[in-house]
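Visitor: give me the fold of what follows.
(one chain, ligands or ions: 1)
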Amino acid sequence: MKKIISILLVLLLATSMIFAGGKKDAGAASDKIGVSMPTKDLQHWNQDGANMKEKLEAAGYKVDLQYAANDIATQISQVENMITSGCKVLVIAAIDGSSLSNVLATAKTKGIKTIAYDRLIMDTDAVSYYATFDNYKVGVFQGNYMVDTLGLKTRSASDPVYMEFFTGDPGDNNANFFFGGAMDILTPYIEKGVIVCPSKQTAFAQCATLAWDSANAQARMENLITSNGYGPNANKLDAVMCSNDSTAQGVTTALVGAGYDKSNFPVITGQDCDIVSVKNILAGLQSMSIFKDTRTLAGKVVEMVDAIMKGSNPPINDTKTYDNNVFVVPSFLCDPVFADISNYKELLLDSGYYKESELK
Ligand code: BGC
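Guide: Residues are numbered from 1 along each chain as shown. You can find the predicted model right below:
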């Protein structure tokens, strides 16, 4: 009898150990990650959100994915909800980099770690890591493209190019890097008179576009066209330096409205390889873009989340560049890739990023 009881006890113990083991895994699998994206209005944030959800779920996490309609108060309240509903890690692409200090202070006191996604979160010690593309390099690509395409190295002030400048939202730290990278390349040519900016609007604040909104860029370009008399048969405009595709699209619409077509279109830079912009590139209404494969960035962030959850070290390849006014945030910078009509097939179609039908 005693023997039977001890066999039963051993069996019971073994079964409970198996269940305990199973439960532990199930516990890890039910950990929830909050993903806060700025808006659904710009195509790439939808891709970012969807990629991250898919990859986090594949790694066994639950995901609370929210889009904040480009409204700062909405983003703050969505993040508050993520904290109260028990998210273990927050991944945030901020609408305004400086507006999350209070809500993230709460997250920090609860031991919740925050990863800044694509855009740095400023003025707080409550952000742990930053994953983005090399934003300065994006601007350098755009500046160098102007130098090569317009032959600036061999021109002089007696044969200048006429150029206007557009960048992004002042609340997005990335805009400083994009604009800074491009202007570091182009300023020497402005100083030599090889680039002439007829509006004289070359300072960041003058070139900024609220919310990166195409309509705002279009309105400013329309004003520039009127006040400087630009047109295919009027005053010459050779190029418009735009920090991204949404601003480029607004500029393109204004220029088409002023009578430009693919036979005389100014050189226009962009970034993101948005579908609309790739179509413009194919139609001769935008010159280049920058491919930032959202699958790569999302993959890196999932590695970071997983490392945080497992108590190991997230991947980091830059500890010098991104000072958020409180400290230099350990970062992972992915590589942006130059894109134009010569390589879009390989980058965007062969890699499965878009289907050919999407670009028709
Ligand atoms: C991103 C760009 C994007 C812009 C507007 C920036 O923070 O890095 O890729 O074009 O926001 O959404």
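
Visitor: what parts of the stretch 101-250 of the chain come near the ligand?
Guide: 118-119, 168, 172, 174, 212, 244, 246 (C-beta under 6 Å from any ligand atom). For every residue, glycine as well, the C-beta is placed using N, CA and C.

Visitor: excluding covalently adjacent residues, which one is nearest to residue 340?
Guide: Excluding the flanking residues, the one nearest residue 340 by C-beta to C-beta, 6 or more residues apart in numbering is residue 288, at 4.3 Å.

Visitor: err, residue 244, not the other one
Guide: Sequence neighbours aside, residue 271 is the residue nearest to residue 244 in space, at 4.1 Å (criterion: C-beta to C-beta, 6+ apart).

Visitor: which ones are touching the closest residue to the ligand within the stretch 251-360 of the chain?
Guide: Closest approach between the stretch 251-360 of the chain and the ligand, counting by C-beta to the nearest ligand atom: residue 272, at 4.7 Å. Applying C-beta atoms under 8 Å, 6 or more residues apart in numbering to residue 272 gives the contacts 42-44, 244-246, 289-290, 292.

Visitor: name the SS class of it, please.
Guide: Here residue 272 is recorded as coil under DSSP: H, G, I helix; E, B strand; the rest coil.

Visitor: quick check on the residue most central in space within the chain: phi, psi?
Guide: Geometric centre of the chain, nearest residue: residue 118, 4.6 Å, by C-alpha atoms, centre = their mean. Dihedral pair for residue 118: phi 70, psi -50, per degrees, to the nearest 10.

Visitor: tell me the pLDDT at it?
Guide: Listed pLDDT for residue 118 reads 98.

Visitor: equivalent analysis for the one 4 residues further on, please.
Guide: Reading off the confidence values, residue 122 has pLDDT 98.

Visitor: from residue 36, how far out is the residue lying closest to it once chain neighbours are set aside?
Guide: Distances taken as C-beta to C-beta, 6+ apart put residue 97 closest to residue 122, at 4.1 Å, once the chain neighbours are dropped. In this view, residue 97 and residue 36 are 13 Å apart by C-beta to C-beta, to the nearest Å.

Visitor: I'd guessed residue 210 sits against residue 169; true?
Guide: Yes - when contacts are counted by C-beta atoms under 8 Å, residue 210 is listed as touching residue 169 (6.0 Å).

Visitor: so for those two, which residue has more residues nearby?
Guide: residue 169 (23 against 14; other C-beta atoms under 10 Å).

Visitor: for that one, what are its contacts?
Guide: Residue 169 neighbours (C-beta under 8 Å, 6+ apart): 175, 208-212.

Visitor: from the residues you listed, which land in helices?
Guide: Of the contacts of residue 169, the ones assigned to helices by DSSP state H are residue 175.

Visitor: now the contacts of residue 169 as TSV including pLDDT?
Guide: Shown next, in TSV, are the contacts of residue 169 (pLDDT from 0 to 100):
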residue	pLDDT
175	98
208	98
209	98
210	97
211	95
212	97
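
Visitor: for PyMOL, write the select line for the buried members of the contacts of residue 169.
Guide: Burial among the contacts of residue 169 is assessed by 16 or more other C-beta atoms under 10 Å; the matching PyMOL selection reads:
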select buried, resi 175+208+209+211+212
